[in-house]
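In: no sequence for this one, just the structure:
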């Protein structure tokens, strides 16, 4: 895969990295990545994926931009309040990198449409804020054998991992078998959220995507990273496939 002189200059700082180089940048250019949600997590992730030169980005989000989003959803701006997030994202990402293809779906991912949306992509990034949606995207990723980078956050704390049973790792449901009881996992609107935490976790999502797609370094496959931004503390936990998982049946345990 060839690059124009403009692209070579644009991606120069990646290409000089020993772990990426020209072949890694070519893999990014050939990649198709689906991002679920253009909110606090999806906003920085989308910006960094586009800047990195991912060939095609698909965004699934049925929401519109509200004023309260702007404290952390840095993809959008005041002029786009009231606009569909897929439209705000399309305009901003085209400004960041015109070489990146973009498809927006203004709909909610459901168990019925998830597989069709995910099929044909190399990686999925889940920045949704609903356990029902997280389980739906996980089930589709397991069925389609597409790796899933999933992150979540509340108040000052975030978590992130790369789930892929077909690569020997657990799936999301292995790690979180059941949704928490009502009231135990309040929304950002209820509990609050430190805006810059979204930038930290969203950038981590993009970083995991870049490493996975280029083959650089060590990803969070089989590991869960917990970040406490209030006290600047990080922990990494080893996570394993669950043979009793109703989604992947512990498929990763044999990988």
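Out: It's in. Worth saying up front: this structure is predicted, and the values here are computed from it rather than measured.
In: would you list every one of the strands in the stretch 51-200 of the chain?
Out: Assigned by DSSP state E, counting those that start in this stretch, the strands in the stretch 51-200 of the chain fall at 56-60, 101-105, 123-126, 148-154, 157-163.
In: If you count neighbours, what's buried in the helix or strand containing residue 6?
Out: In the assignment (DSSP states H and E), residue 6 maps to helix 5-10. Buried residues in helix 5-10, counted by 16 or more other C-beta atoms under 10 Å: 7, 10. C-beta coordinates here come from the backbone N, C-alpha and C atoms, glycine included.
In: With stretch 98-112 instead?
Out: Residues 99, 100, 102, 104, 105, 108, 109 are the ones in stretch 98-112 that count as buried (16+ other C-beta under 10 Å).
In: Per-residue confidence at residue 181, what does it come out as?
Out: With respect to pLDDT, residue 181 has a value of 71.
In: I misspoke; the intended subject was residue 184.
Out: Reading off the model, residue 184 has pLDDT 61.
In: Not counting sequence-adjacent ones, nearest residue to residue 55?
Out: With sequence-adjacent residues excluded and distances taken as C-beta to C-beta, 6 or more residues apart in numbering, residue 55 is closest to residue 29, at 4.7 Å.
In: A helix includes that neighbour, no?
Out: Yes: with the criterion set as DSSP: H, G, I helix; E, B strand; the rest coil, the secondary structure at residue 29 is a helix.
In: check contacts around residue 62.
Out: 106, 107, 108 (C-beta atoms under 8 Å, 6 or more residues apart in numbering).
In: separation between the last one and residue 200?
Out: Right, residue 108. 26 Å (C-beta to C-beta, to the nearest Å).
In: Would you confirm that residue 143 contacts residue 115?
Out: Yes: Residue 143 is within contact range of residue 115, at 5.8 Å (criterion: C-beta atoms under 8 Å).
In: The spatially most central residue of the chain and residue 163, how far apart?
Out: With distances taken as C-alpha atoms, centre = their mean, the chain has residue 125 as the residue nearest its mean C-alpha position (2.4 Å). According to C-beta to C-beta, residue 125 and residue 163 sit 11 Å apart.
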